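**Student:** Next come a sequence and a model predicted from it.
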Amino acid sequence: MTTHSNGQENKDIIKKEESTQIKLIKDKLEYSINLSINEKEKENELKIEIKLLNSIEIFSYVGQFKLSDIIKLCNFFKSFNDITELKKLIIEGHSKNKLLISQKENKNELILTLNFFSGYEEKNIDFILSRKLIEKEDIIQLLIEKILMLEKENKETNEKFNLLNTDYKQLKNEFDTIKNWKNKYEHNLEELLEIKKNQEALKQIDSKIIKTKEELKLIDDRIKNNDPILMKKKINYNLLCRGTSDGDKVSTFHSKCNNKSPTLSIIKTKKGMRFGGYTEQTWNDTNGSGIWKKDDKAFCFSIELNKIYNIIKGRDAIYCCSQYMCYFGANIFGLYDGAFSRDNWSYSKNDSNFQGQEKDFELTHEENNTFYLAEVEVFEIIYE
C-alpha cells in the first residue's frame, strides 16, 4: 500500500502540534524523522519530514497525510479515531524496528515504510515524501546556529570542569575562530553547490573516469563537430561495458560492444592518465582473422591535455580482432585480452594514423610504448 503526500500546506491550519523526533539508521546514515499533527477545521493531517543528520544537505523530504486517505488504502485503519493514532503506530513501529527508509530511482522522492499486523496478517504501508529544497540563506543560518551552539557547549564545558579562566582576549580569540569556521562552512557550501551543478551536467554519462562537465564538453563538441543538425541535439552516453565491473576479457568486450555504433572508448591508466577514442565503425571482426577499418570521422583525445587527435583522412582508424579490445590505429593505443593484468601499448607519434601528437607516448605520459590499465569504459552514442 502506498500513500502520497497531499502536497503543500493549506491555509486552514489552526494549530501545529509540537513535533516528535525519532532517529533511524540505514546504510550507516542517520536520519531524523519529525512527526507532527497539523490541526485543521476539516480534517487533521500527519506531517512527516525526514532529514539526513550530520551532513550538509540542501534538501529534506516532506509529506502530509490524512486519515481518510489512509483508510482508502487499508480497512485496518477504520478503527482509528483520528490521525494521532497513526502517529503513535509509527512511533511504536520505530521502537520495534518496523520502519524502513528507501530512495526512489529519481531521488526526488523518499519512501518511509511501516510494517504492521492487521489481524494475523503482516502488511506494509508506504508514505511517499517529496524532496523540498532548502534555500541557501537557510542553510547558512543553520550553520551559524550550529556554530553558536558549539560555542555555547564549549563555554559550558569549560566552566563545568574549570579548565579555563577566560578573559576578554581569550573570548575574542574564540569568537574569531568561530567566525573563521563560519567562513569556511560558507566556502564549503559554495563548493557543494558547484559539485551539485557539475553532477547535473554529468547525468548524461555514467562514467567513473570523466570528472567534470568541462571534460565531457571537450568530447561532446568534437563529436558534434559544428554540425548544425547535431548541435541542436543532446548526446546520451549509453554504457556498454566497464572493465572493473564486466572484466577485461576480449570476448566480453565484443559480446557487449559489437554491432554498436557510434561508440566512445575511455581509458584510465594506473599512472592517472585519461584518454580515449571515438569511431562510427562497429567493433565486429567481419572476416574472423582481424580487419582494419577506415573512418574519417574517428578521433582520439587526451583529457589531461584537453586535446583532440583527428584521423588522417583515408587512413585506418580501428582494428577489430579477437585478440584485442578497443584498438585505435595505427598504434595510437590498444588493449590486449586480460588488460588489467598485463602491459598494453601506445606507440610513438610517427607510427600513428592520428595527427597532433607532439611527442612520443603523449597520451600515456610513459617513457616507453607500454602502459598499465586502471579502468576502461565503452559507451554507445545516442542522440535525442
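**Tutor:** Here it is on my side, so go on. Numbering: from 1, shown residues only.
**Student:** From here on, just use CA atoms for contacts and neighbour counts.
**Tutor:** Noted.
**Student:** Need phi/psi at the nearest residue to L230 once chain neighbours are set aside.
**Tutor:** Ranked by CA to CA, 6 or more residues apart in numbering and with sequence neighbours excluded, the top spatial neighbour of L230 is K224, at 5.4 Å. Recorded main-chain torsions at K224 are phi -70, psi -30, according to degrees, to the nearest 10.
**Student:** Next one, pLDDT for K224 please.
**Tutor:** On pLDDT, K224 comes in at 92.
**Student:** Give me the neighbour count for it.
**Tutor:** Residues contacting K224 under the criterion other CA atoms under 10 Å number 16.
**Student:** One more: F253?
**Tutor:** 23.
**Student:** before we move on, what SS does G356 have?
**Tutor:** What DSSP: H, G, I helix; E, B strand; the rest coil gives for G356 is coil.
**Student:** Just give the closest residue to it, not the sequence neighbours.
**Tutor:** That would be Y309: by CA to CA, 6+ apart, it lies 5.4 Å from G356.
**Student:** quick one, helices of the stretch 1-150 of the chain?
**Tutor:** With DSSP state H, counting those that start in this stretch as the criterion, the stretch 1-150 of the chain has helices at 67-73, 83-95, 136-160.
**Student:** Comparing those helices by mean pLDDT, which bottoms out?
**Tutor:** Among those, helix 136-160 scores lowest, with a mean of 76.
**Student:** Can you point out the buried residues in it?
**Tutor:** For helix 136-160, a neighbour-count test (16 or more other CA atoms under 10 Å) marks 139-140, 143-144, 147-148 as buried.
**Student:** cool, stretch 112-131 as well?
**Tutor:** Here stretch 112-131 shows 112-116, 124-131 as buried, counting by 16+ other CA under 10 Å.
**Student:** what's the farthest-apart pair in the residues you listed?
**Tutor:** F116 and R131 (25.7 Å; CA to CA).
**Student:** hang on, T252 packs against R242?
**Tutor:** No: contact criterion CA atoms under 8 Å: T252 and R242 do not qualify, at 10.2 Å.
**Student:** So which of these two has more stuff around it?
**Tutor:** Taking neighbours as other CA under 10 Å, T252 and R242 compare with R242 leading, 19 against 16.
**Student:** re earlier: and the buried residues of stretch 112-131, which of them are in strands?
**Tutor:** 112-116, 124-131 (DSSP state E).
**Student:** unless I'm mixing things up, K260 is touching F253, no?
**Tutor:** No: K260 is beyond contact range of F253, at 11.5 Å (criterion: CA under 8 Å).
**Student:** list the contacts for A330?
**Tutor:** 316-318, 351-354 (CA atoms under 8 Å, 6 or more residues apart in numbering).
**Student:** between the buried residues of helix 136-160, which is closest to E377?
**Tutor:** Out of the buried residues of helix 136-160, the member with the shortest distance to E377 (by CA to CA) is I139, at 37.6 Å.
**Student:** re the thing from before, can I get the buried residues of stretch 112-131 in CSV including distance to R342?
**Tutor:** What follows is these, written out as CSV (distance: CA to CA, whole Å):
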residue, distance to R342
L112, 48
T113, 49
L114, 52
N115, 52
F116, 56
N124, 52
I125, 53
D126, 51
F127, 52
I128, 50
L129, 50
S130, 49
R131, 47
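**Student:** Any chance of JSON lines for these, columns pLDDT and distance to N158?
**Tutor:** As requested, these are exported to JSON lines (pLDDT from 0 to 100; distance: CA to CA, whole Å):
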{"residue": "L112", "pLDDT": "92", "distance to N158": "41"}
{"residue": "T113", "pLDDT": "92", "distance to N158": "44"}
{"residue": "L114", "pLDDT": "92", "distance to N158": "44"}
{"residue": "N115", "pLDDT": "92", "distance to N158": "46"}
{"residue": "F116", "pLDDT": "89", "distance to N158": "47"}
{"residue": "N124", "pLDDT": "91", "distance to N158": "49"}
{"residue": "I125", "pLDDT": "90", "distance to N158": "48"}
{"residue": "D126", "pLDDT": "91", "distance to N158": "47"}
{"residue": "F127", "pLDDT": "92", "distance to N158": "45"}
{"residue": "I128", "pLDDT": "91", "distance to N158": "45"}
{"residue": "L129", "pLDDT": "91", "distance to N158": "42"}
{"residue": "S130", "pLDDT": "91", "distance to N158": "43"}
{"residue": "R131", "pLDDT": "88", "distance to N158": "40"}
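**Student:** rewinding a little: closest one to E304 among the helices of the stretch 1-150 of the chain?
**Tutor:** helix 136-160 (33.5 Å).
**Student:** Go through the helix or strand following the closest one and flag the buried ones.
**Tutor:** Where DSSP states H and E defines the elements, the next helix or strand beyond helix 136-160 is helix 168-201. Going by neighbour count (16+ other CA under 10 Å), the buried part of helix 168-201 is 178, 182, 185-186, 189.
**Student:** of all the residues you listed, which two lie farthest apart?
**Tutor:** Longest span within these, CA to CA: I178 and L189, 16.2 Å.
**Student:** I would like the residues contacting stretch 231-251, please.
**Tutor:** 204-206, 220, 224, 252-253, 256-257, 322-325, 336-340, 375-384.
**Student:** so which of the buried residues of helix 136-160 comes closest to T282?
**Tutor:** Using CA to CA, the buried residues of helix 136-160 come closest to T282 at I139, 50.1 Å.
**Student:** Walking through the stretch 251-384 of the chain, point out its strands one by one.
**Tutor:** Taking DSSP state E, counting those that start in this stretch as the criterion, the stretch 251-384 of the chain carries its strands at 263-269, 274-279, 291-294, 299-302, 307-310, 316-320, 324-328, 333-336, 344-345, 370-371, 373-383.
**Student:** now those strands as JSON lines including distance to K172, mean pLDDT and mean neighbour count?
**Tutor:** Output for these, formatted as JSON lines (distance: least, CA to CA, whole Å; pLDDT from 0 to 100; neighbours: other CA atoms under 10 Å):
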{"stretch": "strand 263-269", "distance to K172": "50", "mean pLDDT": "97", "mean neighbour count": "23"}
{"stretch": "strand 274-279", "distance to K172": "49", "mean pLDDT": "96", "mean neighbour count": "25"}
{"stretch": "strand 291-294", "distance to K172": "72", "mean pLDDT": "94", "mean neighbour count": "17"}
{"stretch": "strand 299-302", "distance to K172": "52", "mean pLDDT": "96", "mean neighbour count": "24"}
{"stretch": "strand 307-310", "distance to K172": "52", "mean pLDDT": "96", "mean neighbour count": "18"}
{"stretch": "strand 316-320", "distance to K172": "68", "mean pLDDT": "94", "mean neighbour count": "26"}
{"stretch": "strand 324-328", "distance to K172": "63", "mean pLDDT": "92", "mean neighbour count": "25"}
{"stretch": "strand 333-336", "distance to K172": "61", "mean pLDDT": "92", "mean neighbour count": "24"}
{"stretch": "strand 344-345", "distance to K172": "61", "mean pLDDT": "85", "mean neighbour count": "19"}
{"stretch": "strand 370-371", "distance to K172": "56", "mean pLDDT": "92", "mean neighbour count": "21"}
{"stretch": "strand 373-383", "distance to K172": "51", "mean pLDDT": "96", "mean neighbour count": "21"}
